[in-house]
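Novice: my questions are about this predicted structure, shown below with the sequence.
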Amino acid sequence: MDGEEFLQLAPRVPIRTETQAFSLEQANEALARLREGRLQGAAVLAP
């Protein structure tokens, strides 16, 4: 499959994404949640 085929297929694949924002001050909390498996999706650190 090349890139063009993938881009045509991608919108038809049912993918659900989830993000959780953490302030930079909460970086240790985000890391702890990740290590403990309590974080689903992606964590984003924001200034």
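Specialist: Arrived safely. This one's a predicted model, so the numbers in the text were calculated from it and none came from an experiment.
Novice: what segments of the protein are strands?
Specialist: Here the chain has its strands, by DSSP state E, at 19-23, 42-46.
Novice: ok, which of those comes nearest Leu9?
Specialist: Leu9 lies closest, by CB to CB, to one member of the strands of the chain: strand 42-46, at 22.2 Å. C-beta here means a position set from N, CA and C on the backbone, and glycine is covered the same way.
Novice: partner strands of that closest one, with direction?
Specialist: Paired strands of strand 42-46, with direction, are strand 19-23 (parallel) (DSSP bridges).
Novice: what does the strand it pairs with contact?
Specialist: Glu29, Ala30, Leu39, Gly41, Ala42, Ala43, Val44, Leu45, Ala46, Pro47 (CB atoms under 8 Å, 6 or more residues apart in numbering).
Novice: how many neighbours does the residue nearest to the fourth one when sequence neighbours are not counted have?
Specialist: Closest residue in space to Gly41, ignoring its immediate chain neighbours: Glu18 at 3.2 Å, by CB to CB, 6 or more residues apart in numbering. For Glu18, the count of nearby residues is 8 (other CB atoms under 10 Å).
Novice: ditto for Ala21
Specialist: Neighbours of Ala21 under the rule other CB under 10 Å: 11.
Novice: tell me what it is bridged to.
Specialist: Counting by DSSP bridges, Ala21 forms beta bridges with Val44.
Novice: select the longest helix from this protein.
Specialist: Looking across the chain with DSSP state H, the single longest helix is helix 27-36.
Novice: that older thread, contacts only, for the residue nearest to Gly41.
Specialist: By CB under 8 Å, 6+ apart, the contact list for Glu18 reads Gln40, Gly41, Ala42.
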